[in-house]
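Chemist: Sequence and predicted structure, then a few things I'm wondering about:
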Amino acid sequence: MTDLGQRAPEPDLEANAEAVESQEIAKAQSLWQIRWALLRRSFRNNWKLFRRNRIGIAGLVIIGFFATLAIAPSIFFATGFWSTSVYDPVTGLEPNPPSQQLEIVQTVTDPNTQIDIRQVLVDGRINGNIGDVIDVTLQPAPPYGKHWLGTDPLGRDILSQLMYGAKAAFGLGILAATVTVLIGTVVGSVAAFYGGKIDAFLMRLADLLIMVPGLAILIVISAVVRFQLWHLAVVIGILSGFGGVAIVLKSQALAVKVKPFVDAARVAGGSNARLIVAHIIPNVMPLSFLYMMFTVTSAIQSEATLSFIGLLNVDMSWGLMIQLANNQGYLLQGGRYWWMVFPAGLAVTFIAMAFFLVGRAMDEVVNPRLRKR
């Protein structure tokens, strides 16, 4: 009988959920039902560990923000909130940009009210002499009502370009990470399982790719071949999958290879292909997904670099936005034309940081030693 002054202990919801899942596994009849129940329980336990890591949750929030940016343009154009003639990131132009009255002077002391006579002579659109007050079209225009992040020198919306760049970054990162995981997992598992000459060949190939700087290879390939975004994703995936990722995953596969359940499957008559596909690869996959996050970060940074130096054939990306600011002379005037430089630069920084933070949090889930800390 409980004392009225004492509160009854609250039920452990997580323990009850695990007990229910254990009962479902025990009642499952088919092999697929058992695997599905085990997968759900594994996901639940891993998520419980992951959500305790604040940096991982912060990374997920940032990724969610950029994912919202990536899908927003499709919604805006479909609902008519944005007009393609104005807000298209490549062909859209602002028909009525804002203007500002400036006085033509010999030497500018206040850039907000004055304009240099030399700039007037160079720009064929402006006519006047020293002392005249003229209306100058602001292009690039700073942020205002119609364009929340301003426009570029061509009159295109910066926010629309930023959203389109987010879509390109997600597509590039996910495709590159998928190719990396597929190649790295298969190569590492096969090298660990067979050993001998197969292992030596695959590991020497990985050593060769590690010795050569990845960015240098991408620059050489993009200078010879007309590089598009999906080409870049595949090349990054191949370089990462056959390189350092394969070596790390091979070490994990070696630890799985000597497990008793692998020996039991071999004694039961399982073929080599069956052992690799059904036993080695599934136990290597958690570590593969960890390196998937790091590959996304590397792919986004590589795209920004190649776009900045003009070696990537893309319609619009964050690297291309920074390249335009540099070519037009605004990169070194970040204080005055900040909307031309900082949105794209910060986007590359934050999304790369977000995937890295998620990868670090996943490392604590996958690595038992870190999990115990």
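Modeler: That came through, no problem.
Chemist: Leu172: how many residues sit nearby?
Modeler: Residues near Leu172, counting by other Cβ atoms under 10 Å, number 22. For every residue, glycine as well, the C-beta is placed using N, CA and C.
Chemist: And what about it, helix, strand or coil?
Modeler: Of the three states, Leu172 takes helix under DSSP: H, G, I helix; E, B strand; the rest coil.
Chemist: Can you name the residues that contact it?
Modeler: Contact analysis of Leu172 by Cβ atoms under 8 Å, 6 or more residues apart in numbering lists 229-230, 232-233, 299-300, 303.
Chemist: Of those, grab the buried ones for ChimeraX.
Modeler: Per 16 or more other Cβ atoms under 10 Å, the buried members of the contacts of Leu172 correspond to this ChimeraX selection:
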select :229,232,233,299,300,303
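Chemist: In helices, which of the contacts of Leu172 appear?
Modeler: Within these, residues falling in helices by DSSP state H are 229-230, 232-233, 299-300, 303.
Chemist: For these, work out which two are farthest apart.
Modeler: Using Cβ to Cβ, the two most remote members of the ones in helices among the contacts of Leu172 are Trp230 and Ile300, lying 14.4 Å apart.
Chemist: Please determine how far Leu311 is located from Ser74.
Modeler: Separation of Leu311 from Ser74 (Cβ to Cβ, to the nearest Å) stands at 28 Å.
Chemist: of these two, who's got more company?
Modeler: Leu311 (19 against 11).
Chemist: Just say helix, strand or coil for the residue nearest to that one when sequence neighbours are not counted.
Modeler: By the measure of Cβ to Cβ, 6 or more residues apart in numbering, the closest residue to Leu311 outside its immediate chain neighbours is Ser222, 3.9 Å from it. Under three-state DSSP, the three-state class of Ser222 is helix.
Chemist: Can you tell me how far Ser222 is from Ser271?
Modeler: 42 Å.
Chemist: So for the two, which residue has more residues nearby?
Modeler: Using other Cβ under 10 Å, the more surrounded residue of Ser222 and Ser271 is Ser222, with 20 against 11.
Chemist: Quick check: the more buried one touching Val314?
Modeler: No: Ser222 is not in contact with Val314 according to Cβ atoms under 8 Å; the separation is 11.2 Å.
Chemist: list the residues that contact both of the two?
Modeler: Counting by Cβ under 8 Å, 6+ apart, nothing touches both Ser222 and Val314.
Chemist: Let me know the pLDDT of Leu275.
Modeler: pLDDT, Leu275: 89.
Chemist: right, I mislabeled it, should have said Gly171
Modeler: According to the model, Gly171 scores 90 on pLDDT.
Chemist: Can you get me a residue count around it?
Modeler: There are 14 residues near Gly171, going by other Cβ under 10 Å.
Chemist: Great, nothing more from me.
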